[in-house]
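1. Fold the following.
(2 chains)
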Amino acid sequence: MTPFNINKIRSEFPILSEKAYGKPLVYFDNAASSQKPKVVIDALVDYYSTTNANVHRGVHFLSQKASAAFDAVREKVKTFINASSEREIIFVRGTTEAINLVASTYGRKNIGQGDEILISAMEHHSNIVPWQMLCEEKGAVLKVIPMNEKGELLMDQLPALLTDKTKFVSVVHISNSLGTMNPVKEVIRQAHAKGIPVLVDGAQSTAHEVIDVQDLDADFFTFSGHKILAPTGIGCLYGKLHLLEAMPPYQGGGEMISSVSFEKTTYNEVPFKFEAGTPNIADVIALGAAIDYWSQLDRKAACAWEKELLNYATKLISEIPTVRLIGTAAEKASVVSFVIEGVNAMDAGMFLDTKGIAVRTGHHCTEPVMQFFKIPGTLRASFMFYNTKEEIDALAENLTKAIALLQTHSVA
Amino acid sequence: MNTMLEIEKEILSDFELFDTWEEKYHYIIELGQKLGPLEDKYKIDEYKIKGCQSSVWLNGEERDGKLYFSADSDSTFVKGEIALLMMVLSGQTPEDVLDAKLEFIDALGLRQHIAVTRANGLASMIKQMKTYAFAMTSANK
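-> Below you'll find the model as predicted:
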């Protein structure tokens, strides 16, 4: 049973009817980047065809048109993640830049020698390295919430990890390599009880969950446009207004200033204080088109369909002999990560590629997760609401073929 | 022993039989599966070329003025790539290995199928093979 019109949805994504090596494209690398609906592609073309001009500067027709379209998107993002003010939305290149921004501004100002920053065992490198750089600069200490063999955070250890020295917590909402959905609301509740602010890395979750930053009570929340049907090069940082206002600026330049003289510069208000230079106008406007797409989509039905795809794929793939799933948390979203005994993940991924099936192989920018499971990497199939069970059948069937070809030793 | 260019030509004429990426993939996997074993004593860090998604262990030895390679990898496809390189370079004089241009690699039409990081992996293998050749020519001087 298809809970919504999957054929109609697929027809809205031009790339899904493309072929790979003459075979129907099966795209299971959605956790790396989503495909784009025609409305998003059209928004980009339309912007450059009818609207292109710099924003917030010109007195002329096009500049005003571009500015209005650009400004409207901040309001759309506000509604999309339920922020309380559009001033809490800062346009950045993506989650990586958002986290670096917080580490470089809030972090530099508020974290000092001997302080502790708490992250989790399943962070993407982009939620590890910026904090390590800050720790190195300030003499602070990076602490890690551990996980179990299923890839679930050991929440019973959290109270002891939130110490008097903990000054910041940064955790991933949904793990890109394991699919685990973390109980971030509970992490935030416990951190707030001790007065510690929390950043939630929503790079994976924003496509698979309806985000409500006020309900989460997140102090910062980040997402990347290209993982939620929008173009590459655009993303958002949400921050509570009082925190953003107290933070020093990130980069210096145009737009972020109120007035400049050689003696003194005063900074513009939030959010402009954090948006130096000409913004990524076209991609912001296309992000707006992506959010419009999400708004007309039956999100509940889409989530239910993705859950069905995940359960179906989990069953089919785990039934293949010699396959071992990596990441078997009770709460999961849209990712099946696995290893095959005696088969190199890249070899199997390339085999699937010859059949037109796109999966990811390797460590998925989460080397500590691979170290925890003592594996060099996994094969990862990640789903979006536009995928089908027939595509999963093709994946399972070709995985069996890949194993028959590549398995180098007999497995008991 | 044929000259390197003759061997390269033979490989290319084999590849001309393949129309698709799938056929090329299967051929390279077959070469990888047929690649002779590498003695365990060489499967240590000293002989390792670390890549992003696979590891390669490579040894070069001199016999009668010629250079002979043996290698292994945790990836069968990478073993196949090494096998291709060894078909051309193994058993040649170190001078010839150093001079080898290996232009056939581009003509195989594989580069579009392997990510840049992997193309670099192939380059590291060639570099390591030439390092063995350089060490040998220096020692012989």
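2. for chain B, what spans make up the strands?
-> Using DSSP state E, the strands of chain B run over residues B:48-50, B:55-63, B:66-73.
3. Pick the most buried one from these.
-> Across those, the average number of neighbours (mean count of other CB atoms under 10 Å in any protein chain shown) peaks for strand B:66-73, which reaches a mean of 22. All C-beta atoms are positioned from the backbone trio N, CA, C, and that covers glycine.
4. Can you list the helices and strands that the helix or strand hosting residue A:71 packs against?
-> Per DSSP states H and E: residue A:71 is located in helix A:61-81. If contacts are counted by 3 or more CB pairs under 8 Å, 6 or more residues apart in numbering or on different chains; DSSP states H and E, helix A:61-81 sits against strand A:89-92, strand A:235-239, helix A:281-296.
5. Over the shortest one, what's the mean pLDDT, rounded is fine.
-> Averaged across strand A:89-92, pLDDT comes to 98.
6. For that strand, which helices and strands make contact with it?
-> When contacts are defined as 3+ CB pairs under 8 Å, 6+ apart, strand A:89-92 packs onto helix A:61-81, helix A:95-102, strand A:235-239.
7. that older thread, in PDB, list the C-alpha atoms belonging to the helix holding residue A:71.
-> Listed next in PDB are the C-alpha coordinates belonging to helix A:61-81 (Å, rounded to 0.1, in the frame of the first residue of the first chain):
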ATOM      1  CA  PHE A  61      13.600  47.900  -9.600                       C
ATOM      2  CA  LEU A  62      15.600  44.700  -9.700                       C
ATOM      3  CA  SER A  63      17.400  45.200  -6.400                       C
ATOM      4  CA  GLN A  64      14.100  45.800  -4.700                       C
ATOM      5  CA  LYS A  65      12.600  42.700  -6.300                       C
ATOM      6  CA  ALA A  66      15.600  40.600  -5.300                       C
ATOM      7  CA  SER A  67      15.600  42.000  -1.800                       C
ATOM      8  CA  ALA A  68      11.900  41.300  -1.300                       C
ATOM      9  CA  ALA A  69      12.300  37.700  -2.500                       C
ATOM     10  CA  PHE A  70      15.400  37.200  -0.400                       C
ATOM     11  CA  ASP A  71      13.900  38.700   2.800                       C
ATOM     12  CA  ALA A  72      10.700  36.600   2.400                       C
ATOM     13  CA  VAL A  73      12.800  33.400   2.800                       C
ATOM     14  CA  ARG A  74      13.900  34.300   6.300                       C
ATOM     15  CA  GLU A  75      10.300  34.400   7.300                       C
ATOM     16  CA  LYS A  76       9.700  31.000   5.500                       C
ATOM     17  CA  VAL A  77      12.600  29.400   7.400                       C
ATOM     18  CA  LYS A  78      11.300  30.800  10.700                       C
ATOM     19  CA  THR A  79       7.900  29.100  10.100                       C
ATOM     20  CA  PHE A  80       9.600  25.900   8.800                       C
ATOM     21  CA  ILE A  81      11.500  25.300  12.000                       C
END
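8. Wondering if stretch B:123-136 reaches chain A at all.
-> No. Legend: contact between stretch B:123-136 and chain A by CB under 8 Å from any CB of the partner chain is lacking; minimum distance shown is 15.1 Å.
9. Buried ones in that stretch, by neighbour count?
-> By 16 or more other CB atoms under 10 Å in any protein chain shown, the buried positions in stretch B:123-136 come out as B:125, B:128-130, B:132-133, B:136.
10. No further questions, thank you.
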